[in-house]
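K.L.:
Could you look at this predicted model? Sequence included:
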Amino acid sequence: MEAGEAGREEEQDGMSVHSPCKAPPSSASSLSKEQAQVDLELRLLEALAIYPPSKLQGIHRHFVLYGLMEFLRRSFGRQFSSDEVLQLLDRFYNLEMLKPDDEETEFLNQEEDFSLPKGYFDKEES
């Protein structure tokens, strides 16, 4: 291959074949998918300003998760399942650390008998 032929191969329409300015036609769909993914991640990070990930632990977990799902639904006009939101969050946070401890579960499931004080009934009768 001569030097002149190599030069013609390197340039087409005055641009290098390897120029980042010209994306191959097959990558157009992958670019739009990447852009959609970036938009989704940015919206999730915006939502985390309102619904902090630290509250994904304990009794507030389901409320925060629902809030994140609603924020994304309003932003994109489609439903997001809790699994989808948790998968997105898993990219940024170690969700294993947010799982409830056995001790916490025992505390939340602990039942106690409740009764009103006798003084409450005395006030009601007078």
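P.N.:
That came through fine. Quantities reported herein were computed from a predicted structural model and do not represent experimental measurements. Numbering: from 1, shown residues only.

K.L.:
where does the protein dip in pLDDT?
P.N.:
Applying pLDDT under 70 to the chain flags the ranges 1-28, 98-108, 123-126.

K.L.:
Quick one: the helices in this protein, in order.
P.N.:
3-10, 27-50, 61-76, 82-92, 102-109, 118-125 (DSSP state H).

K.L.:
Count the neighbours of the residue nearest to residue 44 when sequence neighbours are not counted for me.
P.N.:
Residue nearest to residue 44 in three dimensions, not counting chain neighbours: residue 88, with 5.2 Å by CB to CB, 6 or more residues apart in numbering. (Each C-beta comes from the backbone N, C-alpha and C, glycine too.) By the criterion of other CB atoms under 10 Å, residue 88 has 20 neighbours.

K.L.:
wait, residue 88 sits on residue 43?
P.N.:
No. Judged on CB atoms under 8 Å, residue 88 makes no contact with residue 43 at a distance of 9.5 Å.

K.L.:
and the helices of the chain, which is most packed in?
P.N.:
helix 61-76 (a mean of 16; mean count of other CB atoms under 10 Å).

K.L.:
which other helices and strands contact it?
P.N.:
In terms of contacts (3 or more CB pairs under 8 Å, 6 or more residues apart in numbering; DSSP states H and E), helix 61-76 is packed against helix 27-50, helix 82-92.
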